[in-house]
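A.B. asks: Here is a sequence with its predicted model. Questions after.
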Amino acid sequence: MTPGAAIRVLVVEDEPVAADAHRAYIDRTPGFTTAAVAGTGALALEALARVPVDLVLLDMNLPDTHGIELCRRIRGAGADIDILAVTAARELSTVRAAAVHGVVGYLLKPFGYEALRDRLSAYAGYRDRMRGGGDAGGQADVDRVLDTVRPTRAAPLPKGMGRETMDKVVSAVRDSDGLSAAETAELIGTSRITARRYLEYLADTGLADRAPRYGNAGRPELEYRWR
């Protein structure tokens, strides 16, 4: 990539709502542009063979393969491409495998624009440092370069939402066979209105399915299931 050119990003995401959001976030961030969008691992490999890419924004849970396997194939092909995991996969085994395969960052869903912007900006700084060439002056220089691509502050969510509450809601829904807002509120110790707001955000970002729950007398309530 020539100096000053936009960093070209391949979005690998099977959920259309999330894929559209990621594309919009990337194109909204100065210095970045979406090169292509792929909904499967196979389509991602086709895109990499067809268009120049500098960075892959990778979901780990794909319909035809796991993101780690796609990392292996990308690395096996010898492509000089960086990978940023953007996923709901919270298993520490997956996080470790991602690190082994040189993933430069791991951003948990759900998140807002600011979270991805921060990661992309940090990555741009990392690329600039690496492009400079030469030698590190010492351990401090090495640590500084590696730390550039990994922001230490928590990934921000939309205004009014907290990461701790979001993590509780995600854990509750993931560990259930479906929850209503009232059931979620009881499990995590918050109000029904608050629980519904977080559940609706999970549904709107494609992480959870929502459907009416029938069987009880009166008005049916919505049930949320992890995808």
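C.D. replies: Received it, and whenever you're ready, just let me know what you need.
A.B. asks: With F32 as the reference, measure out to E69.
C.D. replies: Going from E69 to F32 by CB to CB, to the nearest Å gives 26 Å. All C-beta spots, glycine's among them, are computed from the backbone N, C-alpha and C.
A.B. asks: Who has more neighbours out of the two?
C.D. replies: A count of neighbours by other CB atoms under 10 Å puts F32 above the other of E69 and F32, at 23 against 15.
A.B. asks: So what does that one look like in phi/psi?
C.D. replies: Dihedral pair for F32: phi -130, psi 150, per degrees, to the nearest 10.
A.B. asks: Now do the contacts for it.
C.D. replies: By CB atoms under 8 Å, 6 or more residues apart in numbering, the residues touching F32 are A6, I7, V9, I26, L120, A124.
A.B. asks: Please narrow these to those residing in helices.
C.D. replies: In helices, judged by DSSP state H, the following of the contacts of F32 are found: I26, L120, A124.
A.B. asks: who's in contact with the nearest residue to the last one once chain neighbours are set aside?
C.D. replies: This means A124. The shortest distance from A124 to any non-neighbouring residue, by CB to CB, 6 or more residues apart in numbering, is to G31 (5.4 Å). Contact partners of G31, counting by CB under 8 Å, 6+ apart, are A6, I7, L120, A124.
A.B. asks: Is the residue nearest the centre of the chain in a helix, a strand, or coil?
C.D. replies: By CA atoms, centre = their mean, the chain has its centre lying nearest to V86, at 1.9 Å. Of the three states, V86 takes strand according to DSSP: H, G, I helix; E, B strand; the rest coil.
A.B. asks: Any idea how many residues pack against E46?
C.D. replies: E46 has 13 neighbours, counted by other CB under 10 Å.
A.B. asks: Can you tell me how far it is from V56?
C.D. replies: 13 Å.
A.B. asks: What ranges in the protein fall below the confidence cut-off?
C.D. replies: Low-confidence segments of the chain (pLDDT under 70): 1-4, 131-156, 215-218.
A.B. asks: Go ahead and name everything in contact with stretch 45-60.
C.D. replies: Residues from elsewhere that reach stretch 45-60, judged by CB under 8 Å, 6+ apart: 1, 7-15, 18, 22, 26, 35-36, 38, 44, 66-68, 70-71, 73-74, 77, 79, 81-89, 94, 98, 103, 123, 127.
A.B. asks: Now it: buried residues?
C.D. replies: L45, A47, L48, V53, D54, L55, V56, L57, L58, D59, M60 (16 or more other CB atoms under 10 Å).
A.B. asks: Ok, stretch 27-43 next?
C.D. replies: Buried residues in stretch 27-43, defined by neighbour count with 16+ other CB under 10 Å: T29, F32, T34, A35, A36, V37, A38, G39, T40, G41, L43.
A.B. asks: show me where the chain has helices.
C.D. replies: Using DSSP H, the helices of the chain run over 16-28, 41-50, 67-76, 92-100, 113-131, 139-148, 163-174, 181-188, 192-204.
A.B. asks: Which segments of this protein make up each domain?
C.D. replies: 7-148, 163-226 (automatic domain parsing).
A.B. asks: Could you dump those domains into a markdown table with distance to L157 added?
C.D. replies: Putting the domains of the chain into a markdown table (distance: least, CB to CB, whole Å) gives the following:
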| stretch | distance to L157 |
| --- | --- |
| domain 7-148 | 5 |
| domain 163-226 | 6 |
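A.B. asks: circling back: buried subset of the contacts of stretch 45-60?
C.D. replies: Applying a neighbour-count criterion of 16+ other CB under 10 Å, the buried members of the contacts of stretch 45-60 are 7-15, 18, 22, 26, 35-36, 38, 44, 67-68, 70-71, 74, 81-89, 94, 98, 103, 123, 127.
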